[in-house]
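Asks: Got a sequence here, can you build the structure:
(one chain, ligands or ions: 2)
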Amino acid sequence: MRYDGTVVFVTGGAGFIGSAVIRHFLDHTGAFVVNIDKLTYASNRCSIPQAAGHPRYAFAELDICNENGLRALFECYRPAAVMNLAAESHVDRSIDGPGEFIQTNIVGTFTLLQESLHYWRSLMSARSEAFRFLHVSTDEVYGSLGASGLFTEATAYAPNSPYSASKASSDHLVRAYHETYGLDTTVTNCSNNYGPYQFPEKLIPLTIVNILLGKPLPVYGDGLQVRDWLHVEDHCAAITLALRSGRPGEVYNVGGNSETTNMEIVRTLCGLVDEALGARAELRAAFPNSPAVQAMPSVGLITHVRDRLGHDRRYAIDYAKAAAELGYAPARDLAMGLRATLDWYLANTRWWQALLGRDYADWLEKNYKR
Ligand code: NAD
Ligand code: DAU
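Replies: Ligands and ions are numbered 1, 2, ... in the order given. The predicted structure follows:
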């Protein structure tokens with residue numbers, strides 16, 4: 001791989017997708033990874049089990065808004081690439097309190113770009129030609145689709161939530177640093193990720209955890225909103241391809257080919273959990289409040305709650321450009337991916353049970369009352 005033997009910065013590497021990227025780099029490349037993370041509520045250093053004592057891994061607890069801290073890291077490690085995944089990522093939290101989203105997603109990306117530019121300009125020509133800034137973004141910047149159509153890279157930006165507006169701003173800044181200063185940047189815009197190590201405030205892990213604990217499953221509005229689900233390891237493959245062979249200044253959409261309504265996701269997970277608990281006595285003993293213990297269907301936990309403000313109805317991705325230029329194609333279908341994700345949450349109860357602290361409890365409480 002192009003980055004073997006070099007240093008790669010990954011911001012937000014203690015989060016869901018960033019940790020998957022780092023696990024991928026440590027397991028499948030020869031790159032030295034520096035994980036730069038502020039350690040917000042959404043982070044978990046246990047999400048990279050292979051990091052402890054790894055000779056090609058370093059961790060820096062740092063806010064990407066901290067320019068002096070970033071400058072010191074650039075001077076110390078002299079990276080060949082920066083992958084920016086640090087963000088406030090949860091739409092509902094952005095509706096309740098947008099300030100942190102503006103700060104991290106816009107000001108943080110700006111600060112990281114400024115320090116990348118400063119460092120890049122100090123490099124001798126061969127190294128400066130190789131340096132690359134990859135920015136991970138979202139399909140939500142394109143707004144909401146009707147019943148048909150797909151987002152392409154040419155779709156006009158129309159972000160609807162404070163989260164997506166902050167991501168859109170960061171995408172524009174990245175583009176501007178390429179157009180104005182010639183920094184080698186690539187942006188990827190992907191759909192909803194799911195898989196192991198996802199914080200249980202997002203729909204899929206929240207549903208799994210709540211079924212196991214026998215808690216209500218909040219479905220916003222009619223539950224017929226559509227998302228395109230992308231397994232996090234397929235997303236990692238796409239990001240790695242974009243880092244290796246994306247064209248400077250280009251944008252690539254990344255999708256999972258798995259458009260599904262929220263109700264369908266929740267109902268499928270109910271069925272999968274019921275099946276798993278029905279077949280395994282040790283799981284019934286571990287989760288005595290789950291409906292399956294009383295031979296009740298978990299779908300009974302589904303509770304329609306007030307709709308999300310400004311809720312986007314449908315997202316769907318055309319990833320033909322990433323397929324043609326990068327050789328990207330999602331390898332996992334949704335049915336297989338959901339089953340594997342449930343198996344992971346069943347086998348790693350300690351990981352998610354440790355997160356069920358005050359912040360999460362408050363969050364759930366608020367959601368039920370919506
Ligand atoms: P996450 O919330 O799980 O993790 C974000 C990480 O960033 C956390 O470890 C957090 O501590 C860190 N962080 C937050 N603010 C920081 C700051 N100021 N400085 C340094 N670190 C900070 O998010 P995720 O789901 O892994 O998303 C990663 C990226 O992918 C984000 O940019 C998000 O917008 C984008 N994305 C996510 C999805 C998805 O479905 N999860 C889909 C499309 C795009
Ligand atoms: O599309 C990419 C985006 O996907 C990313 O940019 C975001 O970072 C990521 O959080 C995700 O955003 P969503 O808002 O789509 O994901 P979330 O899991 O919060 O919600 C998925 C859908 O399920 C959405 O339509 C809202 C709905 N939902 C969510 C929760 C948490 C419910 O109906 N009930 C819930 O309890």
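
Asks: hmm, stretch 163-170 touching ligand 1?
Replies: Yes: Stretch 163-170 reaches ligand 1 (Cβ under 6 Å from any ligand atom) through residue 167. Just so you know, the C-beta spots here come from the backbone N, C-alpha and C atoms, and that holds for glycine as well.

Asks: With just CA atoms, put that stretch into CSV.
Replies: The C-alpha coordinates for stretch 163-170 follow below in CSV (Å, rounded to 0.1, in the frame of the first residue of the first chain):
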residue,chain,number,x,y,z
TYR,A,163,-25.1,18.7,11.9
SER,A,164,-25.4,18.4,8.1
ALA,A,165,-24.9,22.2,7.7
SER,A,166,-21.7,22.0,9.8
LYS,A,167,-20.5,19.1,7.7
ALA,A,168,-21.4,21.0,4.5
SER,A,169,-19.4,23.9,5.7
SER,A,170,-16.4,21.7,6.4
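
Asks: how far is it from where the chain is centred?
Replies: With Cα atoms, centre = their mean, to the nearest Å as the basis, stretch 163-170 stands 14 Å off its chain's centre.

Asks: do stretch 321-340 as well
Replies: 15 Å.

Asks: With stretch 45-62 instead?
Replies: So, by Cα atoms, centre = their mean, the centroid of stretch 45-62 is 18 Å from its chain's centroid.

Asks: How about the residues of this protein by ligand 1?
Replies: Applying Cβ under 6 Å from any ligand atom, we find that the chain lies next to ligand 1 at 11-12, 14-18, 37-40, 42-43, 63-65, 85-89, 104, 108, 136, 138, 167, 190, 192-193, 199.

Asks: how does it look with 5 Å?
Replies: 12, 14-17, 37-38, 40, 42-43, 63-64, 85-87, 89, 104, 108, 136, 138, 190, 192-193 (Cβ under 5 Å from any ligand atom).

Asks: Tell me which residue in the protein sits closest to ligand 1.
Replies: With Cβ to the nearest ligand atom, the shortest gap between the chain and ligand 1 falls at residue 15, namely 2.0 Å.

Asks: Looking at the residues of the chain next to ligand 1, which are in helices?
Replies: Among the residues of the chain next to ligand 1, the members falling in helices (DSSP state H) are 16-17.

Asks: So which bits of the stretch 201-350 of the chain are right by ligand 2?
Replies: 202-203, 218-220, 225, 262.

Asks: Residue 135 against residue 170, yeah?
Replies: Yes: with contact defined as Cβ atoms under 8 Å, residue 135 counts as touching residue 170 (6.9 Å).

Asks: what sits in contact with each of the two?
Replies: The contact sets of residue 135 and residue 170 overlap at residue 109 (Cβ atoms under 8 Å, 6 or more residues apart in numbering).

Asks: that older thread, so which of the residues of the stretch 201-350 of the chain next to ligand 2 sit within strands?
Replies: Judged by DSSP state E, the subset of these located in strands is 218-220.

Asks: which one of those residues is nearest residue 78?
Replies: Of all these, residue 78 sits closest to residue 220, with 46.1 Å by Cβ to Cβ.

Asks: How many neighbouring residues does the closest one have?
Replies: If you count neighbours by other Cβ atoms under 10 Å, residue 220 ends up with 18.

Asks: Local confidence estimate at it?
Replies: At residue 220, the predicted lDDT confidence score is 98.

Asks: same thing with residue 149?
Replies: For residue 149, the predicted pLDDT is 97.

Asks: what kind of secondary structure is it in?
Replies: State at residue 149, reduced to three classes by DSSP: H, G, I helix; E, B strand; the rest coil: coil.

Asks: do the same with the one 5 residues further on
Replies: With three-state DSSP as the basis, the three-state label of residue 154 is coil.

Asks: Count the neighbours of it for me.
Replies: Residues lying near residue 154 (other Cβ under 10 Å) number 8.

Asks: With residue 230 instead?
Replies: The number of residues packed near residue 230 is 27, by other Cβ under 10 Å.

Asks: Could you do residue 81 as well?
Replies: Residue 81, neighbours per other Cβ under 10 Å, totals 22.

Asks: same check, this time on residue 126
Replies: 7.

Asks: Look up how far ligand 2 lies from it.
Replies: For residue 126, the distance to ligand 2 (Cβ to the nearest ligand atom, to the nearest Å) stands at 36 Å.

Asks: and the helix or strand that residue falls within, C-alpha only, in CSV?
Replies: When secondary structure is defined using DSSP states H and E, the element that contains residue 126 is helix 125-130. C-alpha atoms of helix 125-130 as CSV (Å, rounded to 0.1, in the frame of the first residue of the first chain):
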residue,chain,number,x,y,z
SER,A,125,9.2,18.7,-3.1
ALA,A,126,9.0,14.8,-3.2
ARG,A,127,7.3,14.7,0.2
SER,A,128,5.1,17.6,-0.5
GLU,A,129,3.9,16.0,-3.7
ALA,A,130,2.9,12.9,-1.8
